[in-house]
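# A predicted structure for the sequence below; I have some questions about it.
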Amino acid sequence: MEKVVKKSVKSRIVSAAWQLFYEKGYNGTTVDDIIELSETSKGSFYYYFSTKDELLNTLSLILDEFYEELEEVLIMGDLGLQATYDILDDLRAKVKERHIKEPADCRQILIDSIKEQMNVGETAYEFEEKKSVVMVIGVNGVGKTTSIGKLAAKLKGDGKKVLIAAADTFRAAAGDQLAEWAHRAGVDMIGGAEGSDPASVIYDAVNAAKARHADVLLCDTAGRLHNKKNLMEELKKMNRIIEREFPNAHRENLVVLDGTTGQNALVQAREFAQVADLTGIVLTKMDGTAKGGIAVAIQSELHVPVKYIGVGEKIDDLQKFDPDEFVNALFDVQKED
C-alpha cells in the first residue's frame with residue numbers, strides 16, 4: 001500500500017512541475033511553486049528529487065501517463081482498440097520526430113492529425129452538382145430511409161430536381177415509408193410491388209430520371225447482410241443497368257451507419273465494402289450522447305469519408321460533415337468565440 005501512495009505523490013509532483021514549466025518557464029519555476037501546486041511537502045519533494053534539474057528527466061513518465069489518458073478518451077469515444085493503437089503509435093512517432101515536450105502540444109498534434117484524416121476533400125460533394133445516381137445502402141434500423149428523405153429535401157432546397165427509386169422491395173412496407181418521406185421532401189418516387197425485382201425498379205427509375213431531366217436519382221436498396229451473396233448479385237445487376245442506361249451519370253455509393261452502435265457499425269462497413277465500392281458514409285443518430293468516434297476507425301481502416309451526419313428527426317436534420325466540429329466534440333474542445 002505504501003508503494004502506491006508514493007507513486008501517486010511522485011506523479012503529482014511531476015505533473016505540477018511540467019505544468020509550471022509550461023506556464024512560467026523552467027527558470028521562472030521554483031521548488032516552492034511545485035510543492036504548492038502539487039499539494040505535497042518539501043520532505044516529499046526531496047524524497048524523490050535532489051534538485052529541480054532532476055525533473056527534466058521525468059518527461060517520459062508524464063508522457064506515458066498522458067498517452068494512457070488519451071487511450072481512455074479514444075476508446076470511450078468509440079474508436080475501438082485497433083484504431084486507438086494505430087493513432088497513438090502515429091502520435092508517438094510525431095512527438096519523437098518533432099521533439100515535443102509538452103502534453104498540451106501532443107494533444108494538439110493528435111487533434112490536428114485526426115482532423116486531417118477525417119477531411120472529406122474538395123471533391124466529396126461533386127455529385128450534388130452533376131447528373132448523379134446515388135445508391136444508398138445500410139441494414140434495417142440505421143435510418144437509411146429517413147436519410148434518403150432528408151438528403152432529397154436538402155438537394156431540392158439547393159435547387160436540384162430529385163427523384164427517388166424505392167428499390168428495397170424486400171422489406172415489408174419499405175416503399176410506403178419511403179413514399180412518405182418523398183412526399184415530405186416534395187420529390188417524386190418510382191417504386192415497385194413488394195417482392196418484385198429491385199433491378200426493374202432501378203431500370204424504370206433511371207429512364208424516368210432521364211425523361212424528367214432529374215439532377216440526382218437517389219436509390220434505396222435492401223440491406224440484407226445476412227445474405228451477402230444475394231445482395232452482391234442484386235447490386236451488380238443494378239449497376240449493370242445504370243451503366244448501360246445512364247453511362248454518363250456520376251456515381252455515388254453511400255452507406256448509412258448508426259453512430260450509437262460502436263463496433264457494430266465498423267463490422268457493417270467492412271461487410272458492405274465487400275459488396276459495393278463505397279464512396280461515403282452517412283452517420284445517423286448523432287443528436288444524443290453518441291460520440292461517433294467509430295467513424296474515425298472506419299475511415300482509418302477502409303478510407304471511406306463521412307459525408308453527412310443525421311442530428312435529429314426533422315427533415316432538415318441532415319448536415320454536411322464538419323471534421324473540425326466532429327473532432328472537437330470527440331475531445332470536448334470548447335469553440336472559441
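Thanks, I have it.
# hang on, isn't Lys144 packed against Gly223?
Yes: under the criterion of CB atoms under 8 Å, Lys144 makes contact with Gly223 at 6.6 Å. From N, CA and C alone the C-beta is placed, and that goes for glycine too.
# between these two, who's got more neighbours?
It is Lys144, of Lys144 and Gly223, that has more neighbours when counted by other CB atoms under 10 Å, with 28 against 23.
# domains of this protein?
2-118, 126-326 (automatic domain parsing).
# pLDDT on the lengthiest strand in the chain, on average?
Across the chain, the longest stretch assigned as strand under DSSP state E is strand 250-258. When pLDDT is averaged along strand 250-258, the result is 94.
# so how far is the next helix or strand after it from its chain's centroid?
Per DSSP states H and E, the first helix or strand lying C-terminal to strand 250-258 is helix 263-275. The chain centroid and the centroid of helix 263-275 are separated by 14 Å under CA atoms, centre = their mean, to the nearest Å.
# mind listing what's buried in helix 263-275?
Buried residues in helix 263-275, counting neighbours by 16 or more other CB atoms under 10 Å, are found at 265-266, 268-269, 271-273, 275.
# stretch 99-108 too?
Buried, per 16+ other CB under 10 Å, within stretch 99-108: 100, 102-103, 106-107.
# now swap in stretch 232-248 and tell me
Buried, per 16+ other CB under 10 Å, within stretch 232-248: 234-235, 237-239, 241-242, 245-246.
# hmm, Cys219 and Asp168 touching each other?
No: between Asp168 and Cys219 there is no contact, the gap being 9.2 Å when judged by CB under 8 Å.
# quick one on the thing from earlier: for the buried residues of helix 263-275, which one is nearest Gly312?
Nearest to Gly312 among the buried residues of helix 263-275: Ala265, at 18.9 Å, using CB to CB.
# show me the contacts for the closest one.
257-259, 294-295, 298 (CB atoms under 8 Å, 6 or more residues apart in numbering).
# re earlier: other SSEs contacting the longest strand of the chain?
The elements that strand 250-258 packs onto, with contact taken as 3 or more CB pairs under 8 Å, 6 or more residues apart in numbering; DSSP states H and E, are strand 132-137, helix 263-275, strand 280-284, helix 294-302.
# for the helix ranked longest in the chain, which positions count as buried?
Once the chain is assigned using DSSP state H, the helix that runs over the most residues is helix 2-24. By neighbour count on 16+ other CB under 10 Å, the buried set for helix 2-24 is 9-10, 12-21.
# can I get these in JSON lines with distance to Lys130 and pLDDT?
Below are the buried residues of helix 2-24 laid out as JSON lines (distance: CB to CB, whole Å; pLDDT from 0 to 100):
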{"residue": "Val9", "distance to Lys130": "64", "pLDDT": "87"}
{"residue": "Lys10", "distance to Lys130": "62", "pLDDT": "85"}
{"residue": "Arg12", "distance to Lys130": "59", "pLDDT": "86"}
{"residue": "Ile13", "distance to Lys130": "61", "pLDDT": "89"}
{"residue": "Val14", "distance to Lys130": "57", "pLDDT": "85"}
{"residue": "Ser15", "distance to Lys130": "54", "pLDDT": "81"}
{"residue": "Ala16", "distance to Lys130": "58", "pLDDT": "87"}
{"residue": "Ala17", "distance to Lys130": "58", "pLDDT": "87"}
{"residue": "Trp18", "distance to Lys130": "53", "pLDDT": "80"}
{"residue": "Gln19", "distance to Lys130": "53", "pLDDT": "82"}
{"residue": "Leu20", "distance to Lys130": "57", "pLDDT": "88"}
{"residue": "Phe21", "distance to Lys130": "55", "pLDDT": "82"}
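# can you pull the contacts of the residue nearest the centre of the chain?
Residue closest to the average C-alpha location in the chain (CA atoms, centre = their mean): Ala295, at 2.7 Å. Contact partners of Ala295, counting by CB under 8 Å, 6+ apart, are 118, 257, 259, 265, 281, 283, 306, 326.
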